[in-house]
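1. requesting a structural model of the entry that follows:
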Amino acid sequence: MTKVKICGLKEVQHVQAAVQAGADAIGFVFAPSKRQVTIEQAQQLAKHVPDGIKKIGVFVNPTPEELRSAVLTVPLDYVQYHGEESPEFIIQQGYPSIKALSVHCAEDVQAATNYDVDYYLFDAPGTDYKGGSGHTFDWTLLEAAGIPQHKLILAGGLKLDNIQEALSLVSPFMVDVSSGVETEGSKDTAKITAFLQAVKRGRV
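-> Residues are numbered from 1 along each chain as shown. Below you'll find the model as predicted:
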């Protein structure tokens, strides 16, 4: 059954909408982004996330101190590394981990095998920031990479009108959506609910 992460949440009402609609994970962005939140803001938002729904922090090239503060304060269940972090750095931090990789070509997918992490998140290349561009990438590149499906998270340009195709073609463990549930750059409660309902109908 494909799980759903709603990422880049900044408002209580949107966290509550995601929770009520059945999200499996909530993403808080600590990296530079229009969706960035502070550790203190994420801590307050996390109070509306019940046990059983994972809280994931998104970071780009963080320091160990930044990670430790966020993981303990929010608190976080997983750290998503979205920068140029080395495999050694991720292992040294010791947190449950997700490595995000921007996919231009097959070699980018293959690079995932260099990392010993819990999950691999494949995203479209960012524009102004890492990820969150609203663009998709060639999903067929994932087929030949040999990444176990139970460790694969699909991101990048997912929205209501392409999620069924994504589920059918990729069958990921989890899908990650941010811009696809926004209207004019802000999260949209109706779109969050509709996206989650669509994934639940098409769960594989």
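2. which strands or helices does the host helix or strand of Thr193 pack on?
-> Assessed by DSSP states H and E, Thr193 sits inside helix 189-201. Under the contact definition 3 or more C-beta pairs under 8 Å, 6 or more residues apart in numbering; DSSP states H and E, helix 189-201 sits against strand 3-7, helix 12-21, helix 163-170. (Each C-beta comes from the backbone N, C-alpha and C, glycine too.)
3. can you check what angle separates the first one from helix 189-201?
-> I take that to be strand 3-7. Angle between the axes of strand 3-7 and helix 189-201 is 160 degrees (criterion: axes from the mean of the first three to the mean of the last three C-alpha atoms, to 10 degrees).
4. hang on, the earlier thing: highest average neighbour count across the helices and strands packed on helix 189-201?
-> For those, the largest average neighbour count (mean count of other C-beta atoms under 10 Å) is found in strand 3-7, namely a mean of 23.
5. what's the helix or strand for Glu66?
-> Secondary structure assigned from DSSP H and E places Glu66 in helix 64-73.
6. how far is the helix or strand following that helix from where the chain is centred?
-> Using DSSP H and E, the helix or strand that follows helix 64-73 in sequence is strand 78-81. Between the centre of strand 78-81 and the centre of its chain there are 9 Å (C-alpha atoms, centre = their mean, to the nearest Å).
7. and strand 78-81, what's buried?
-> For strand 78-81, the neighbour count (16 or more other C-beta atoms under 10 Å) marks 78-81 as buried.
8. from those residues, which is closest to Glu65?
-> Nearest to Glu65, judged by C-beta to C-beta, of the buried residues of strand 78-81 is Val79 at 13.3 Å.
9. surely that closest one is in contact with Ala100?
-> No. Assessed by C-beta atoms under 8 Å, Val79 is found out of contact with Ala100, at 10.8 Å.
10. got the contact list for the helix or strand of the chain with the lowest mean pLDDT?
-> Lowest by mean pLDDT, DSSP states H and E among the helices and strands of the chain is helix 106-110, with a mean of 91. Here helix 106-110 makes contact (C-beta atoms under 8 Å, 6 or more residues apart in numbering) with 101-103, 122, 141-142, 144-145, 147.
11. pick out the residue nearest the middle of the protein.
-> With distances taken as C-alpha atoms, centre = their mean, Asp176 lies nearest the centre of the chain, 4.5 Å away.
12. any idea how far Asp138 is from that one?
-> If you measure Asp176 against Asp138 using C-beta to C-beta, to the nearest Å, the figure is 17 Å.
13. how about Asn61?
-> 26 Å.
14. again, but for Glu85
-> 24 Å.
15. one step back: how far off centre is the helix holding Glu66?
-> Its chain's average C-alpha position is 18 Å from that of helix 64-73, according to C-alpha atoms, centre = their mean.
16. can you check stretch 178-195 too?
-> Here the centre of stretch 178-195 is set off from its chain's centre by 15 Å, with C-alpha atoms, centre = their mean.
17. name the nearest residue to Val79, ignoring sequence neighbours.
-> Tyr95 (4.5 Å; C-beta to C-beta, 6 or more residues apart in numbering).
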